[in-house]
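Colleague: here is a sequence with its predicted model. Questions after.
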Amino acid sequence: MDDIRATPIEKVADKMGIRVVRHKALCPFHEDRHPSLHFKNNRFKCFACGASGDVIDLVQRYLNVEFKEAVEWIGEAPPPPGGGISCPPDTPAALLNPPPGGRGAVDIEYLSTLIARPVINAEAAHFLYDERKIDPRVVKWCGLTSISEPMPCWRWGKAFYDAPSLLIPYRDLDGRLLSVQGRYMGKEEKPRFRFPRGSHVGMYNKPVIRRLKSGDELWITEGPSDCWAMLSAGYKAVAIPSATSLTRADIALLRDGLPEGVSLHMYPDNDEPGMRLFEDLKRWFPELQGHVLPEGCKDFGEAWRIRN
């Protein structure tokens, strides 16, 4: 058992799709915009929600499995597609997430059936329409759906997505499904956001780029909910939750793959981490234009809710 507990926790986190950069990651156990999950001495601790433990605890909690299953998974888990890739510590974005596919990839066929007939249950309707003021047309465009009972992410697997949850499809530029993120909306202490193991999705709402034309503005937000707010306001938008979530393909797309004359814009979150993300992205996209949120608003989603 000691050898299992000695397994490098950051490598295990990476295998589960938790992207670790400089010993920090976005915490999957609550709504986390800026890395609050820290790794030290082969243990993890979130300084926001308090989740903590060793490598076995991390696997148990993230994969929602029993102790024995977690131990077996650690001992047998294959490496992530493309292998673990590290970056220089001064690089603002690891930006090396390999594309999905190959052995150990997510079960796209099953996930496609899970989201094939979108249903917005009462919890999702309250979250999207009452709390976030999202336009129903945006919900339809993004293919959002919800579940009222726990569901697996593999056709033969046990329950992975807790209920009630909002299911958020991530697609490539041409609309092909990459993975589905679960956003738990219940009141119990459970992981708020979850991706199936092996997910490498990069930027959110890539299909909108196909709708850009010369002279358009493309707005970068920090997460799907802010992206939905931006779309509801009539802007064309994508979401980049953190600089480390970008892929090489995303960088190439934003640098060289946009129609001529398209400009990049962003409302950085009104806090230090938000400004840090903006500065990180500026290093990759010097032409990115920053804008100031209304006074008292933390992010664009809040500004949109106040306006409506």
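Modeller: Nice, I can see it. Residues are numbered from 1 along each chain as shown.
Colleague: list the contacts of the closest residue to Phe39 other than its chain neighbours.
Modeller: Closest residue to Phe39 apart from its sequence neighbours, by Cβ to Cβ, 6 or more residues apart in numbering: His23 at 4.7 Å. Placement of C-beta: from N, CA and C, glycine included. Applying Cβ atoms under 8 Å, 6 or more residues apart in numbering, we find His23 in contact with Glu10, His38, Phe39, Lys40.
Colleague: between those residues, which sits nearest Asp256?
Modeller: Sorting the contacts of His23 by distance to Asp256 puts Glu10 at the head of the list, at 32.3 Å, by Cβ to Cβ.
Colleague: quick one: the helices in the protein?
Modeller: Ranges of helices in the chain, per DSSP state H, are 2-5, 9-15, 55-63, 67-76, 108-114, 122-125, 136-142, 224-232, 248-256, 272-284, 300-307.
Colleague: of these, which stretch is the most buried?
Modeller: Mean neighbour counts were taken over these using mean count of other Cβ atoms under 10 Å, and the top value, a mean of 25, falls to helix 224-232.
Colleague: contacts for that helix?
Modeller: Under the criterion Cβ under 8 Å, 6+ apart, residues 128, 132-135, 138-139, 141-142, 168, 181, 204-205, 208, 219, 221, 237-239, 299-301, 303-305 lie in contact with helix 224-232.
Colleague: picking up where we left off before, pipe the contacts of His23 into a markdown table and attach pLDDT and distance to Ile115 per row.
Modeller: A markdown table is the format used below for the contacts of His23 (pLDDT from 0 to 100; distance: Cβ to Cβ, whole Å):
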| residue | pLDDT | distance to Ile115 |
| --- | --- | --- |
| Glu10 | 91 | 31 |
| His38 | 94 | 33 |
| Phe39 | 95 | 32 |
| Lys40 | 94 | 38 |
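Colleague: neighbour-wise, give me the winner out of those.
Modeller: Within the contacts of His23, neighbour counts (other Cβ atoms under 10 Å) peak at Phe39, which reaches 20 neighbours.
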